[in-house]
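In: Mind folding the following:
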Amino acid sequence: MNHFYVASDFKKETIDAYDELNKSFKNAKVVETYGSITLGNYLESGRATSQLQAIDLYDLKGYVEYSRQKNISFNYAINGTHMQNREFTENGVMEIKTLLRDLYDAGIYSLTVAMPSLIKLVQSTGYDFEIKASTLCQVTNANKAAAYKNMGVDVIVVDESINRDFKKLRNVREVFGDKVELIVNPICQQDCIYRPFHYNQTTTASVGNSNQISINFYEHNCVLQRYENFSKLLKISFVRPEDLKYYNSIGINHFKVQGRHTFLIGGDPVKTVKCYFEEKHDGNLMDLFSMFATENSFQVYVDNNKLKNFIKPFYEKENFCNHYCSKCNYCENFIKKCIDPGKTNEIMNLAKAFYQDYDPFMELVDSVNPKEVLSAKNTQKDNKDFIL
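Out: Predicted coordinates:
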């Protein structure tokens, strides 16, 4: 049976819909939703607060209670990549332990964590939390998987970069056991140079310590990478609903559906999950990444049905992808079967023109003149000396 772990929109009607799906399908089940509070929150996670719904601990408790009535559990995400070293202070430890107590009292017994220091802190409390190592831990091979297993972690979410490396996935599965989870609809570009730094930015933004310039910088560069050329659309490490069978064959039956950031713009988790339950999606592949929300005006249509057998050589041939795209045209040739080149090129050019023209970060950088700043400081100093 395939088990699904889905981003939470905190709606009871969504839980009802999952319950109906669970009753209707024998070989698939939503077992858990995940998320975190945004109101009164002081612990970092992997999403910017500004992109999430307004949820406090009281709201969360009611949602968790209702979910448990439908046999769906809840996982709380405290998967930031840093805490400004607060976890190494007495006040910081007190904050963390207080939240863990409140979560446990609210009926939450599963956590997603990224930082080894926080994992050890959770384990020290005596609460029997299931600990899930976040994809932000960047588990990319058997050695890393073994290290987290030795640390006492119960579940690992592998880094999306190995979603198509079946040799590495087999090794991770062999070392860690059956609790290996894989994100089916990631949004990150393969081999993205911004990724670790984007993690740090979203971590900071998850407690409100950020601004729109920092959010736009990474998101816009993500889009620009995606639209550099057609083939980049296939270099997102997605798992099509039709291709779950390849992962099942190597013992992976746990799948995560991301999309917390889409709910304020109309993301539909039930429709997305149903595609994976049915192992079929007749439509635009890109819709699965955004849970059918319209994230921007530059929507490319990639015919999912025409991606049949795209994953096959990755599965059948060891080291099929060497991450050396300039010596391989596989994705570039395959994408031509799945898109309308003329329309896609038009959309991509519009996107590149927009994002290159609208660059608030460079506007900020260009607006700051050190000479003017120094002159202003000297003027203030001169005025102060004159007054004295």
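
In: what is the mean pLDDT for stretch 66-76?
Out: On average, the pLDDT along stretch 66-76 is 97.

In: Enumerate the positions of it that are buried.
Out: Using 16 or more other CB atoms under 10 Å as the test for burial, stretch 66-76 gives 67, 70, 72, 73, 74, 75, 76. Placement of C-beta: from N, CA and C, glycine included.

In: Distance to residue 50 and secondary structure added to those residues, as TSV?
Out: As requested, these are arranged in TSV below (distance: CB to CB, whole Å; DSSP: H, G, I helix; E, B strand; the rest coil):
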residue	distance to residue 50	secondary structure
67	25	helix
70	30	coil
72	27	coil
73	27	strand
74	23	strand
75	22	strand
76	20	strand
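
In: Now the two most distant members of the residues you listed.
Out: Farthest pair in these (CB to CB) is 70 and 76. Separation: 18.1 Å.

In: Identify the residue nearest residue 70 in space, chain neighbours excluded?
Out: In this structure, residue 70 finds its nearest non-sequential neighbour in residue 19, 4.3 Å apart by CB to CB, 6 or more residues apart in numbering.

In: Name the residues of the helix or strand hosting the one you found that are buried.
Out: Assigned by DSSP states H and E, residue 19 belongs to helix 12-24. Neighbour-count burial for helix 12-24 flags 14, 15, 17, 18, 19, 21, 22 (criterion: 16+ other CB under 10 Å).

In: Kindly report the same for stretch 177-194.
Out: Applying 16+ other CB under 10 Å to stretch 177-194 flags 179-190, 192, 194 as buried.

In: Straight-line length of that stretch, end to end?
Out: 31 Å (CA to CA, to the nearest Å).

In: Report the distance from stretch 22-37 to the chain centre.
Out: 18 Å (CA atoms, centre = their mean, to the nearest Å).

In: hmm, who's touching that stretch?
Out: Residues outside stretch 22-37 that contact it (CB atoms under 8 Å, 6 or more residues apart in numbering): 1-8, 10, 15, 18, 21, 43, 45, 47, 52, 55-57, 59-60, 67, 70-78, 110, 112, 206, 260, 273, 276-277.

In: any idea of the mean pLDDT for the lengthiest strand in the chain?
Out: Longest strand in the chain, counting residues (DSSP state E): strand 28-35. Averaging pLDDT along strand 28-35 gives 98.

In: Give the buried residues for it.
Out: Within strand 28-35, the residues scored as buried using 16+ other CB under 10 Å are 28, 29, 30, 31, 32, 33, 34, 35.

In: cool, stretch 357-369 as well?
Out: In stretch 357-369, counting by 16+ other CB under 10 Å, buried: residue 359.

In: Could you pull up the mean pLDDT of it?
Out: Stretch 357-369 comes out with an average pLDDT of 87.

In: got the contact list for that stretch?
Out: For stretch 357-369, using CB under 8 Å, 6+ apart, the contacting residues are 212, 213, 214, 216, 217, 220.

In: Contact partners for the residue lying closest to residue 280 once chain neighbours are set aside?
Out: Once flanking residues are discounted, residue 280 sits nearest to residue 241: 5.7 Å by CB to CB, 6+ apart. When contacts are counted by CB under 8 Å, 6+ apart, residue 241 is found next to 184, 275, 276, 278, 279, 280, 281, 288.
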